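> here you go, sequence then predicted model.
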Amino acid sequence: EFAAGSGVADAPALLAAEIEPGKTVQALIEENSAKIGEKLELRRFAHFKGEYVASYMHKSDPSLPPTTGVLVELDTANEEIAKDIAQQIAAMAPKYLNREEIPAEAIEKERALAEQLTRDEGKPEKAIPKIVEGRVNAYFRDFVLLEQQFVKDNKKTIAKVLDEAGVKVVRFARFKVGQA
């Protein structure tokens, strides 16, 4: 609640903010960490204020607290699609919403790795560009949400599911315990 109301933009600013007179969020975290005997850290956070925001908390073990959390912002309210997409994000861990979000250097790095792998496999020189493109496209299918196969129906991509529902994902955030 404090983070949502504070208006801060990043984790360092949130950690430095006073949650109560004379006590920063960082001090509160350290205090509670000492109480329970576990190291607690706030590395990042997300705050969405869109048309329709849904959350999903995934438990890898029913007797333990959730280990993965997802926020997904849609341009239109659709509870069922929001839940499906949030679960997709929790399970498949996409890094990007679409190809345009991927930094050019990440694509070039992936392309160079694919080319080196293809050459190491001894593929014919003429076939290398086509094989490299196929491998780079596989990277997109793994890490771009809109290009992933829908876990509930692997004959459809997420883009197709959203299109059929008349909904667009504006953005998402995925958090997993222990990940930065």
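Perfect, I can see it now. Residues are numbered from 1 along each chain as shown.

> which parts of the protein are strands?
18-20, 23-24, 52-58, 68-74, 149-150, 153-157, 169-176 (DSSP state E).

> can you list the strands that the fourth one pairs with?
Each strand that pairs with strand 68-74, with its direction, by DSSP bridges: strand 52-58 (antiparallel), strand 169-176 (antiparallel).

> let's have these in TSV, adding mean neighbour count.
To be clear about C-beta, it is placed using only N, CA and C from the backbone, and glycine gets the same treatment. Listed next are those as TSV, based on neighbours: other CB atoms under 10 Å:
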stretch	mean neighbour count
strand 52-58	17
strand 169-176	18
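
> closest one to Lys156 among the ones you listed?
For Lys156, the closest of these is strand 169-176, at 14.8 Å, according to CB to CB.

> distance from the closest one to the middle of the chain?
5 Å (CA atoms, centre = their mean, to the nearest Å).

> contact partners of it?
Applying CB atoms under 8 Å, 6 or more residues apart in numbering, the contact partners of strand 169-176 are 44, 46, 48, 50-51, 67-75, 85-86, 89-90, 93-94, 97, 145-146, 158, 162.

> make CSV out of the strands paired with strand 68-74 and add distance to Glu105.
Converted to CSV, the strands paired with strand 68-74 look like this (distance: least, CB to CB, whole Å):
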stretch, distance to Glu105
strand 52-58, 31
strand 169-176, 22
